[in-house]
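Enquirer: Next input, structure requested:
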Amino acid sequence: MTDRGLQTRRLGRTGLEVTRLGYGAMSLDAERFGHSMSSAEAGAILNAVLDAGINFIDTSPDYGPSEQLIGEHIAGRREEYILASKCGCPVSVTPGADGRPAPHVYTRENVIAGVEQSLRRMRTDYLDLVQFHGSPAWETLEAEGAVEALRELQQAGRLRFIGMSGVLPALSEHIASGAFDAVQIPYSALQRDHEAAISAAAHAQAGTVIRGGVARGAPSEDKDWDIRRLPEVPPERPRELWEAAHLDDLLDGTTRMAFMLRFTLSHPDADTTIVGTSNPAHLEQNLAALRLGPLPADVRAEALRRLDQAAGA
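Expert: Residues are numbered from 1 along each chain as shown. Now for the predicted structure:
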């Protein structure tokens, strides 16, 4: 438990004690979500996250001004949080003519340049966790010497642990390699494709960071909810699955979003789940759901039964 009463859990073999609820700083990329955010507003939400006791912050060079805003507003509180970012993101490369992001690059040079850029942007001497972004094939990482590049930076004190933000099928090789101290995996009640992979990672003693715990397209009481979403998941599928499984019957007076977050926390091998928001009211709602704890075992079992039945219908 933190001094503010938030439950913590050890992040695999890293030994880091992370709060069960982390903060996904993708939400600081306001343009991605179709709204505007001032630097002062970003600073307010970041400081509110730390004031609440949340100690795990996940970001990426790909998330617009996210890293710069973290450096600007909470670098002075560096000892209060565990900082995770990504690598493989293009450094000093502009999007193509079609406006799409430039592809990830896993060369030794780009990996090192990306970490150094993140350190400068976030005004810190070290990153707690650097994760490969984009789920590259293990073969690609080996060919480029990418993991070795991070290990050199680790030995130099520029980062503490090496991670992977991955998806199946490549994720199976990532876990089997034993190279990663932590893996970031998509998972929610409405996107359970990686349910077994979370356990596989934990059994390999890797920490598990869950993203997308409140799935894109999930029914919400709040149409303006700007919680971190998974762009790779079509919005129709989660919404239809929710309705087919009649999950509203299991809410017991809580909100749908609270149920989704508690379901994710109920996975026995999930260490922390990152949820992003730029809205202080939504942050408070997330914290309220966290304090309710994971779903009771019988409720989770019934939710799983209904979801399996609905998926097979």
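Enquirer: For Ile112, see how far away Leu153 is.
Expert: Applying C-beta to C-beta, to the nearest Å, the value for Leu153 to Ile112 is 7 Å. Glycine gets a C-beta too; all of them are placed from N, C-alpha and C.
Enquirer: So which of the two has more stuff around it?
Expert: Set side by side, Leu153 and Ile112 show more neighbours around Leu153, with 21 against 18, by other C-beta atoms under 10 Å.
Enquirer: tell me the contacts of that one?
Expert: 112, 115, 130, 159 (C-beta atoms under 8 Å, 6 or more residues apart in numbering).
Enquirer: I'd guessed the last one sits against Thr124; true?
Expert: Pointing back at Leu159 there. No - between Leu159 and Thr124 no contact is recorded; they are 10.4 Å apart, counting by C-beta atoms under 8 Å.
Enquirer: quick one: which of those two has more around it?
Expert: A side-by-side neighbour count of Leu159 and Thr124, using other C-beta under 10 Å, places Leu159 first with 24 against 18.
Enquirer: Provide the backbone phi and psi angles at that one.
Expert: phi -150, psi 160 (degrees, to the nearest 10).
Enquirer: who touches it in this structure?
Expert: 115, 126-130, 150, 153.
Enquirer: Quickly note the distance from Ile210 to Ile185.
Expert: Taken as C-beta to C-beta, the spacing of Ile210 relative to Ile185 amounts to 6 Å.
Enquirer: neighbours around the nearest residue to Ser36 once chain neighbours are set aside, how many?
Expert: In space, not counting the residues next to it along the chain, Ser36 is nearest to Ala30; the distance is 5.5 Å by C-beta to C-beta, 6 or more residues apart in numbering. Using other C-beta under 10 Å, the number of residues around Ala30 comes to 18.
Enquirer: again with Gln117
Expert: For Gln117, which is what you asked about, the neighbour count (other C-beta under 10 Å) is 17.
Enquirer: Flag every buried residue along the one helix or strand it maps to.
Expert: Using DSSP states H and E, Gln117 maps to helix 108-121. By neighbour count on 16 or more other C-beta atoms under 10 Å, the buried set for helix 108-121 is 110-115, 117-119, 121.
Enquirer: Kindly report the same for stretch 42-60.
Expert: Using 16+ other C-beta under 10 Å as the test for burial, stretch 42-60 gives 42, 45-46, 48-50, 52-60.
Enquirer: and which of those residues is nearest Asp308?
Expert: Nearest to Asp308 among the buried residues of stretch 42-60: Asp58, at 29.8 Å, using C-beta to C-beta.
Enquirer: Against Tyr126, how distant is Ala156?
Expert: From Ala156 to Tyr126 the distance is 10 Å (C-beta to C-beta).
Enquirer: Counting neighbours, go ahead and name the busier of the two.
Expert: Looking at Ala156 and Tyr126 with other C-beta under 10 Å, you find the greater number of neighbours at Tyr126, namely 16 against 9.
Enquirer: So the more buried one sits against Leu119, correct?
Expert: Yes - the pair Tyr126 / Leu119 is scored as a contact, 7.5 Å apart, by C-beta under 8 Å.
Enquirer: Between the two, which contacts overlap?
Expert: Common neighbours of Tyr126 and Leu119 (criterion: C-beta under 8 Å, 6+ apart): Arg158.
Enquirer: rewinding a little: just to be careful, could you list which of the contacts of Leu159 are in helices?
Expert: Of the positions in the contacts of Leu159, 115, 150, 153 sit in helices, assigned by DSSP state H.
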